[in-house]
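only geometry, no sequence info:
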């Protein structure tokens, strides 16, 4: 959504009051709030990236299990995560 805020200077208006009027108009239009809300939002990951991440974690888990069986890594205790 794009909203252009347009303010023209009056004949007897100084630049400070023009600036104040402009900021009030921007605040009331809600454009600034929309920009701030969407600033740090993240996109949802695609199906491909979800699958890739899942396969990577499965391979990592399988490798850890192999190292535990070979005795190169200690076994996990039930209380540990």
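Sure, I can see it. Everything quoted here is computed from the prediction, not taken from an experiment. Residues are numbered from 1 along each chain as shown.

just how off-centre is stretch 30-38 within its chain?
Between the mean C-alpha location of stretch 30-38 and the chain-wide mean there is a distance of 14 Å, by Cα atoms, centre = their mean, to the nearest Å.

mind listing what's buried in it?
By neighbour count, and taking 16 or more other Cβ atoms under 10 Å as the criterion, the buried residues in stretch 30-38 are residue 31. For every residue, glycine as well, the C-beta is placed using N, CA and C.

just stretch 13-21 next, same as before
When burial is assessed from 16+ other Cβ under 10 Å, stretch 13-21 yields no buried residues.

helix or strand for the closest residue to residue 75 other than its chain neighbours, which one?
Distance criterion Cβ to Cβ, 6 or more residues apart in numbering; nearest residue to residue 75, sequence neighbours excluded, is residue 68 at 5.7 Å. Counting by DSSP states H and E, the secondary-structure element that holds residue 68 is helix 47-70.

confidence score at the residue nearest to residue 75?
Reading off the confidence values, residue 68 has pLDDT 92.

Count the residues that sit near it.
13 (other Cβ atoms under 10 Å).

thought it was touching residue 61?
No. Under the criterion of Cβ atoms under 8 Å, residue 68 makes no contact with residue 61, lying 10.6 Å away.

Mutual contacts of those two, please.
Counting by Cβ atoms under 8 Å, 6 or more residues apart in numbering, residue 68 and residue 61 have no common neighbour.
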